[in-house]
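> the following comprises the amino acid sequence and a computationally predicted model.
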Amino acid sequence: MAEIIDGRTIAKELRTAVSQQTERLAQVGVKAGLAVILVGDDPASQIYVRNKERAAKKVGVVAETLHYPTTVTQAELLTKIDYLNQNPTVDAILVQSPLPAHINEETIQAAISPAKDVDGFHPENIGRLFAGRNEFYPVANTPRGVMTMLAHEGVSLDGKNAVVIGRSILVGRPMFALLAKAGATVSLLHRGTPSALKRQLVQAADIVVVAAGHPNLLKGEDIKPGAVVIDVGINRMDDGSLVGDVDFQAVSQLASKITPVPGGVGPMTIATLLETTVELAARHHGIELEQGWQNI
Ligand SMILES: NC(=O)C1=CN([C@@H]2O[C@H](COP(=O)(O)OP(=O)(O)OC[C@H]3O[C@@H](n4cnc5c(N)ncnc54)[C@H](OP(=O)(O)O)[C@@H]3O)[C@@H](O)[C@H]2O)C=CC1
Ligand SMILES: Nc1nc(=O)c2c([nH]1)NC[C@@H]1CN(c3ccc(C(=O)N[C@@H](CCC(=O)O)C(=O)O)cc3)C=[N+]21
């Protein structure tokens, strides 16, 4: 039976560390500000926005959500982003994905100032990540939060075989880059991966990160006994319950460690978003945070 990685507890520890940093910023008159743009009513995004606002309050980050109907034009969003880029009280800008089809996500991602790009979506920040650079730059909070969880649980990555299922800019791709930077040999799987190859790669993996958005995508017989399984998926079922992408009952019999849904990666995403917001605010004001303060 796998050990369950408790994302809520680790997120709480991280929020405590973030609160200490917001207090330090407050001593020099700085408040970290986060602006969130939400278009439409995607259910996963709504959960995210609600939990984010609550957590921001707890740690002393000023968060404001701008909610637009799906009919909003790209030009309106670009005008707002330009205003937020120039507003000195805003340290971090997040545009929730998905966006409606008439809005070009790449155009939006490139419009956010790289210094306020809390999701790490700007090509400049993506470039830094894929180059494996060591200076500070924002990295997508879900994969960054997964790395914090793995470190907290003492899971070593150097020389390990890792598989990431899903290749989005939000989760899969940055997860791939972070695991590779940490010394793992990583395979990035997607819908086009032939099923025999997928079976083979997953079966051989020491670490499996699933971020596809399909309940029960990963089944018990798929994994190597003793593998570490990270379930990023958030799926709302007809009865209103929330499940991940992993058949938790079956996979937890074989895995050495596993994250639950809810209570796994989700709370870490939020705490990490606040962590990144505070880091951006500190840089913005030329304040040095202690090295490694975030190592919980
Ligand atoms: N817990 C958290 O904090 C967060 C959770 N999420 C959740 O994680 C999930 C993924 O999110 P996101 O990356 O934005 O989703 P996307 O829909 O953007 O991407 C899904 C990816 O999964 C791949 N995929 C889908 N089905 C399969 C399959 N059967 N086999 C292999 N690959 C498959 C897709 O492949 P292809 O590219 O070929 O289409 C795609 O690359 C969602 O459930 C989302 O709600 C997201 C962010 C944060
Ligand atoms: N630009 C952008 N960045 C994102 O990071 C982003 C996004 N868009 N769009 C939507 C997805 C989804 N996402 C979630 C984050 C936390 C929970 C979360 O808090 N989950 C709790 C839910 C608990 C509950 O309320 O029931 C848990 O898993 O325990 C869920 C989903 C971030 N996303």
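Happy to help now that I have it. Ligands and ions are numbered 1, 2, ... in the order given.
> all helices of the stretch 1-150 of the chain, in order?
7-27, 43-59, 74-86, 105-111, 123-131, 141-152 (DSSP state H, counting those that start in this stretch).
> quick one: contacts for His122?
By C-beta atoms under 8 Å, 6 or more residues apart in numbering, the residues touching His122 are Gln109, Ala110, Ile112, Ser113, Pro114. C-beta: built from backbone N, CA, C; applies to glycine.
> give me that answer again for 7 Å
Gln109, Ala110, Ile112, Pro114 (C-beta atoms under 7 Å, 6 or more residues apart in numbering).
> got a ChimeraX select line for the buried ones in the residues you listed?
Those of these that count as buried under 16 or more other C-beta atoms under 10 Å are selected in ChimeraX with:
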select :109,112,114
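> and which of the contacts of His122 is nearest Ile270?
Ile112 (19.5 Å; C-beta to C-beta).
> the protein against ligand 2: which residues are in contact?
Proximity of the chain to ligand 2, by C-beta under 6 Å from any ligand atom, involves residues 44-45, 47-48, 51, 94-97, 119, 141-142, 170, 234, 242, 261-263, 266-267, 269-270.
> Pro43 touches Met237, doesn't it?
No - applying C-beta atoms under 7 Å as the test, Pro43 and Met237 come out as separate, 11.0 Å apart.
> check the residues of the chain next to ligand 2 one by one and keep those near ligand 1.
Counting by C-beta under 6 Å from any ligand atom, Ala44, Thr142, Leu170, Ile234, Gly266, Thr269 from the residues of the chain next to ligand 2 sit close to ligand 1.
> show me which pair in these is furthest apart.
Longest distance between any two of these is 13.4 Å, between Leu170 and Gly266; criterion C-beta to C-beta.
> so the two - more neighbours on which side?
The residue with more neighbours, out of Leu170 and Gly266, is Gly266; 26 against 21, by other C-beta atoms under 10 Å.
> list the helices and strands the helix or strand hosting the more buried one packs on?
Taking DSSP states H and E as the definition, Gly266 sits inside helix 265-284. Identification of packing neighbours for helix 265-284 by 3 or more C-beta pairs under 7 Å, 6 or more residues apart in numbering; DSSP states H and E yields helix 7-27, helix 43-59, strand 92-95, helix 141-152.
> nearest to Gly33, of the ones you listed?
Of the helices and strands packed on helix 265-284, nearest to Gly33 by C-beta to C-beta is strand 92-95, at 7.1 Å.
> might you report the residue contacts of the residue of the chain at minimum distance from ligand 2?
Per C-beta to the nearest ligand atom, Gly266 is where the chain lies closest to ligand 2, at 2.3 Å. Contact partners of Gly266, counting by C-beta under 7 Å, 6+ apart, are Gly7, Ile234.
> before we move on, what about Val232?
Shown in contact with Val232 (C-beta under 7 Å, 6+ apart): Thr142, Val171, Val209, Val210, Ala211, Val265.
> from Thr269, how far out is it?
Using C-beta to C-beta, to the nearest Å, Val232 is found at 9 Å from Thr269.
> swap in Gln203?
Distance of Gln203 to Thr269, given as C-beta to C-beta: 28 Å.
> the two: which is more packed in?
Counting neighbours by other C-beta under 10 Å for Gln203 and for Thr269 shows that Thr269 has the greater number, 25 against 14.
> appreciated, that's everything.
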